[in-house]
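Chemist: Here's a sequence, model it:
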Amino acid sequence: MNHPLMSAGSNRAAFRWIENGNDPVPTPSLDYRAGQCLQCPHVQLAGGRVSSCKVCGCAGVKLFIPGAKCPDKPPRWAAISPCLIQPNQ
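Modeler: Alright, predicted model coming up:
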């Protein structure tokens, strides 16, 4: 689990999320979420990766959690219902 936008710490947290049996965000949704974060004025980048969000402090790990949503007003991306996620996507 390594996404070019995430910090190393976020990568580890996302990997633990998946290791614990939780379903990952499908790739198309992950790409959409990442694209929205890259365009967001609240996100601070370091070395081309998300360093932190000024709104919630996230370092990119929320991108991988289906139930997470962007806390900006209005949200830049929404939570994904678990019933819409297919295993091994």
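
Chemist: C-alpha only now, for contacts and for neighbours.
Modeler: OK.

Chemist: those strands in this protein, which residues are they?
Modeler: Assigned by DSSP state E, the strands in the chain fall at 43-46, 49-53.

Chemist: tell me what the shortest one is packed against?
Modeler: Here strand 43-46 is seen to pack against strand 49-53 when contacts are counted using 3 or more C-alpha pairs under 8 Å, 6 or more residues apart in numbering; DSSP states H and E.

Chemist: hang on, isn't I80 packed against L63?
Modeler: No: look at I80 against L63 with C-alpha atoms under 8 Å: they stay out of range, at 10.8 Å.

Chemist: Between these two, point out the one with more neighbours.
Modeler: Neighbours were counted for I80 and for L63 using other C-alpha atoms under 10 Å; L63 has more, 28 against 16.

Chemist: In TSV: the strands of the chain, plus mean pLDDT and distance to P75.
Modeler: Below are those laid out as TSV (pLDDT from 0 to 100; distance: least, C-alpha to C-alpha, whole Å):
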stretch	mean pLDDT	distance to P75
strand 43-46	87	13
strand 49-53	82	13
